[in-house]
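Asker: turn this into a structure:
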Amino acid sequence: MSETQNEWDIMANKYNKVFRPRFVPVYNEIARLVAVNNCETVLDFATGPGEPALTILEQTATNKVIACDGSAGMLQYLKKAIVPEGKELQIQHLCNDKDIQHLRSDVVTCSFGIMYNSNLANLLALFKTCAPLLVCSVWAHHSTVPFLRIVKSASSGTLTDQYFETEDASFSLWNRDKMEAILKAAGYEIAEYNLVELPMEFASPKDLMEFCEDSEWFTGPSKEEALARAKALMQEYFEGTSYKMNNHAYVFVAKKME
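Answerer: I've put the predicted structure just below:
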């Protein structure tokens with residue numbers, strides 16, 4: 001966990017600036033599903049700078065959210081948040097995934113974080129001890145997530161469709177059939193699987209790429225080369241001076257099978 005933790009500590013400020021406001025539709029959908037299922041206590045895993053934890057507290061009748069993350073750099077933003085009156089926000093810094101096994105809630109929520117876990121089967125088993133319900137978001141097929149495709153390709157050098165299909169866990173495992181199979185093997189059944197559109201606009205390639213310019217994601221080219229490649233890739237998708245793109249994610253509800 002330490003390498004991932006350090007990486008997200010480095011990227012925390014720019015993640016909070018670049019992507020947190022652009023992921024709002026996903027946070028809203030997770031909060032809606034938490035409300036529909038009448039969840040009073042929520043465990044928000046991999047909360048990052050505090051989402052969807054804060055959206056849930058603001059938009060639903062949920063009384064308590066336990067917000068967990070392995071990155072102290074991410075959690076520093078959550079610690080500055082204003083919690084709605086009468087609501088409780090408990091913040092927990094995780095040194096290990098097992099740190100959540102003593103926590104109990106009505107639902108575990110997670111915005112994209114489960115995709116980057118190196119041992120998902122163990123993580124899902126831990127979730128089952130915490131709550132009977134999961135409400136999580138995952139990316140759709142890589143061809144419908146242009147912003148992440150551009151970031152990864154530009155920061156790592158030229159990546160082919162074959163790479164995205166077979167090597168990149170943040171894409172390759174998350175089509176619907178595979179997600180359902182993973183959850184079924186872990187003892188869950190899908191109750192809902194909803195498509196969410198994430199429209200994004202960037203003034204320039206630099207605005208997109210600054211998210212990871214200080215991170216270990218730049219494993220191939222220099223920053224200058226990465227920006228040039230990002231610009232070329234973005235121009236393949238768009239025309240004009242504004243870079244607009246529509247991305248797709250899924251938010252699913254999974255129930256623990258008895």
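Asker: can you tell me the closest non-neighbouring residue to residue 203?
Answerer: In this structure, residue 203 finds its nearest non-sequential neighbour in residue 242, 6.9 Å apart by CB to CB, 6 or more residues apart in numbering. Glycine gets a C-beta too; all of them are placed from N, C-alpha and C.
Asker: how many residues are close by that neighbour?
Answerer: Neighbourhood size, residue 242 [other CB atoms under 10 Å]: 10.
Asker: so what's it up against?
Answerer: Counting by CB atoms under 8 Å, 6 or more residues apart in numbering, residue 242 makes contact with 201, 202, 203.
Asker: could I get the residues you listed as JSON lines with distance to residue 149?
Answerer: Output for these, formatted as JSON lines (distance: CB to CB, whole Å):
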{"residue": "201", "distance to residue 149": "17"}
{"residue": "202", "distance to residue 149": "14"}
{"residue": "203", "distance to residue 149": "19"}
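Asker: buried subset of those?
Answerer: Neighbour counting with 16 or more other CB atoms under 10 Å marks residue 202 as buried within those.
Asker: point out where this protein drops to low pLDDT.
Answerer: 1-5, 157-175, 213-221, 239-241 (pLDDT under 70).
Asker: all helices for it, in order.
Answerer: Here the chain has its helices, by DSSP state H, at 2-18, 24-36, 53-59, 72-78, 120-130, 146-156, 161-166, 169-172, 176-185, 205-209, 223-237.
Asker: now do the fourth one: everything it contacts.
Answerer: Identification of contacts with helix 72-78 by CB under 8 Å, 6+ apart yields 5, 8-10, 12-13, 15-16, 47-50, 53-54, 67, 69, 89, 91, 93.
Asker: just the C-alphas of it, formatted as CSV.
Answerer: C-alpha atoms of helix 72-78 as CSV (Å, rounded to 0.1, in the frame of the first residue of the first chain):
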residue,chain,number,x,y,z
ALA,A,72,-2.8,11.3,4.1
GLY,A,73,-2.3,13.8,1.4
MET,A,74,-5.8,13.2,0.1
LEU,A,75,-7.4,13.2,3.5
GLN,A,76,-6.0,16.7,4.3
TYR,A,77,-8.7,18.2,2.0
LEU,A,78,-11.5,16.3,3.7
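Asker: no further queries at this time; thank you.
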